[in-house]
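Sharing a model that was predicted from the sequence below.
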Amino acid sequence: MERRLRTGTVLMAAGLALWACGPNEGLPPDREGLMGGIPASARGPFDVRAAVAEATRACIRSELDGPATLRSLEQSGWTPFRDMDLGGYAKFYGGNKTGPFAPADYVRVGDRTARTDCEIQVPRARGREFYPVVLAEFERLGYGRFDYRDAPRFFRDGERFIVTGRYNVTTSAWAHFDIGRVDGASDRTCRDPNVPDTAKRGC
């Protein structure tokens with residue numbers, strides 16, 4: 001039994017290592033080897049709500065046009081980073097880390113490949129505060145909204161997105177906001193007869 005557990009742990013660690021070493025389409029090729037957090041020179045105060053809204057717009061572009069579009073964030077003050085959890089771009093807005101695995105006060109955004117959802121991360125304690133900012137940005141951009149059981153859907157001009165927020169998971173130091181483009185084959189609301197036709201745009 002102990003041997004099986006040890007073998008499973010080794011395999012899981014190997015899988016994580018391969019994941020971390022795999023290509024990240026959201027980062028330029030010359031940044032692929034970048035690891036670690038944000039250097040002190042890149043830290044400073046900024047409007048956190050505006051940064052979350054900017055990350056939301058970047059995720060929408062990434063889902064529509066590919067993760068390489070995230071690279072434009074560096075031009076507006078975001079710092080590229082890569083670690084075992086997420087690779088992409090981040091802003092640091094203050095606060096102190098209290099341990100090696102405690103989250104610093106970052107807003108982070110990343111989208112590894114065209115097959116994965118774009119993800120925004122903030123410290124878990126602020127997830128409830130910032131998840132509504134993500135949803136409000138979709139509405140500000142003119143997307144219609146339909147609240148379904150698992151997560152709200154947003155739709156406009158043949159585009160359809162599902163936006164999930166995970167910030168009550170105690171095993172993660174981060175709140176995770178996942179933005180994924182969906183269609184009739186991947187979104188259950190498109191096949192639900194109880195969903196009005198007006199909420200099925202983009203299916």
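Cool, the structure landed. Numbering: from 1, shown residues only.

And for the residue lying closest to residue 119 once chain neighbours are set aside, the neighbour number?
Closest residue in space to residue 119, ignoring its immediate chain neighbours: residue 178 at 5.4 Å, by CB to CB, 6 or more residues apart in numbering. Where you see a C-beta, it was placed from the backbone N, CA and C, and this is true even at glycine. Burial of residue 178 is recorded as 18 neighbouring residues (other CB atoms under 10 Å).

partners of residue 178 in the sheet?
Residue 178 forms beta bridges with residue 119, residue 164, as assigned by DSSP bridges.

how about it, what does it touch?
Contact analysis of residue 178 by CB atoms under 8 Å, 6 or more residues apart in numbering lists 117, 118, 119, 162, 163, 164, 165, 166.

Of these, which is the most crowded?
That'd be residue 118 among these, by other CB under 10 Å, with 27 neighbours.

so that one makes contact with residue 63?
Yes - the pair formed by residue 118 and residue 63 meets the contact definition of CB atoms under 8 Å, at 5.6 Å.

what do the two both touch?
In contact with both residue 118 and residue 63: 111, 179, 180, using CB under 8 Å, 6+ apart.

Which one of these is nearest to residue 197?
Using CB to CB, residue 180 comes nearest to residue 197 of the shared contacts of residue 118 and residue 63, at 22.3 Å.

Now do the same for that closest one: its pLDDT.
What the model reports for residue 180 is a pLDDT of 96.

Counting neighbours, what do you get for residue 192?
Neighbour tally, residue 192, other CB under 10 Å: 13.

Let's see if you can find the most crowded of the shared contacts of residue 118 and residue 63.
Within the shared contacts of residue 118 and residue 63, most neighbours by other CB under 10 Å means residue 111, with 29 neighbours.

For that one, give me phi and psi.
Note on residue 111: backbone dihedrals following degrees, to the nearest 10 are phi -150, psi 100.

what bits of the chain have low per-residue confidence?
1-45, 83-86, 93-104, 170 (pLDDT under 70).

where exactly do the helices run in this structure?
Listed in chain order, the helices of the chain (DSSP state H) span 2-21, 48-65, 127-140.

packing partners for the second one?
Which is helix 48-65. If contacts are counted by 3 or more CB pairs under 8 Å, 6 or more residues apart in numbering; DSSP states H and E, helix 48-65 sits against strand 106-110, strand 118-123, helix 127-140, strand 159-166, strand 174-181.

how many neighbours does the closest residue to residue 89 other than its chain neighbours have?
Take residue 89 and drop its neighbours on the chain: the residue closest to it by CB to CB, 6+ apart is residue 78, 3.8 Å away. Counted by other CB under 10 Å, the residues lying close to residue 78 total 24.

what's next to stretch 51-64, contact-wise?
26, 69-70, 72-73, 76, 89, 91, 93, 107, 109, 111, 117-120, 122, 130, 133-134, 136-138, 140-141, 159, 161, 179-181.

Recalculate using a threshold of 6 Å.
69-70, 73, 91, 107, 109, 111, 118, 120, 130, 133-134, 137, 179, 181 (CB atoms under 6 Å, 6 or more residues apart in numbering).

And these, which two are furthest apart?
Of all the pairs that the contacts of stretch 51-64 form, the one spanning the most space (CB to CB) is 91 and 181, at 24.4 Å.
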